[in-house]
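J.: Sequence first, then the predicted structure, then my questions.
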Amino acid sequence: MSGPNWRCIGPWPLCGHPRNTCTASPAYQAAIKAKHASSMTTPDIADLCERLREALEGVTPGTWYATDPDDNPSAIKADLGRCSVYVADAMRPSDQAFIACANPETLTVLLDTLERQAAEIERLRDKVEGLESDLRCAVQVAYNRGATLWARLNYPDMIEWLESCAEDRAALTGEDT
């Protein structure tokens with residue numbers, strides 16, 4: 001009989017991670033991925049970054065700025081070094097300030113930072129999954145070596161799985177549980 005979230009693969013009693021002697025069931029793995037994916041909502045960040053980078057292609061470079069309200073209250077210009085060029089008109093001053101701030105340089109920096117952070121989040125998720133796997137293995141070893149009360153107190157959600165592993169081990173070795 002196996003637990004709802006785990007399945008055991010021999011040999012027992014040691015649970016060395018490199019040997020993959022205990023693994024999470026596919027349902028549990030899917031639940032973990034769904035839990036971690038909840039922070040990535042639609043639209044997908046990678047897709048959003050790609051669309052923004054495509055939109056930035058061919059956009060007027062340089063630092064964008066709102067013109068003097070006395071000169072042209074709705075104009076947005078780009079400073080190209082030796083000259084300035086008209087980029088857009090805004091209907092309201094708040095739109096003008098926003099469009100001027102959302103220039104290609106600023107968006108590129110934000111996209112680069114967002115993509116670096118997304119890669120770091122993915123790296124850390126992988127690390128957490130590895131640590132969770134190591135913890136499951138360590139708890140299984142402790143339980144198999146007699147620390148049943150400790151396991152029940154500290155990891156009650158693993159008890160059914162641990163008991164099914166013990167039963168599987170006993171069935172394979174001919175021991176009594």
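T.: Structure's in. What do you need?
J.: Okay, now the unreliable bits of this structure?
T.: Judged by pLDDT under 70, the chain has its weakly predicted residues at 1-43, 69-70, 73, 176-177.
J.: top helix in it by residue count?
T.: Identified as the longest helix of the chain according to DSSP state H is helix 104-144.
J.: After that helix, which helix or strand is next?
T.: helix 148-154 (DSSP states H and E).
J.: now that next one: how far from the chain's centre is it?
T.: 31 Å (CA atoms, centre = their mean, to the nearest Å).
J.: elements contacting it?
T.: Identification of packing neighbours for helix 148-154 by 3 or more CB pairs under 8 Å, 6 or more residues apart in numbering; DSSP states H and E yields helix 104-144, helix 159-173. Yep, even glycine has a C-beta here, placed from its N, CA and C like the rest.
J.: which of those helices sits most buried?
T.: helix 159-173 (a mean of 17; mean count of other CB atoms under 10 Å).
J.: Run the angle between that helix and helix 104-144 for me.
T.: 50 degrees (axes from the mean of the first three to the mean of the last three CA atoms, to 10 degrees).
J.: quick revisit: got the helices and strands packed on helix 148-154 as CSV, with distance to residue 61 columns?
T.: Shown next, in CSV, are those (distance: least, CB to CB, whole Å):
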stretch, distance to residue 61
helix 104-144, 6
helix 159-173, 58
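J.: Residue 96: which of these is closest?
T.: Within these, the stretch nearest residue 96 is helix 104-144; the backing value is 15.2 Å (CB to CB).
J.: In terms of secondary structure, what does the closest one contact?
T.: strand 22-24, helix 26-37, helix 45-56, helix 148-154, helix 159-173.
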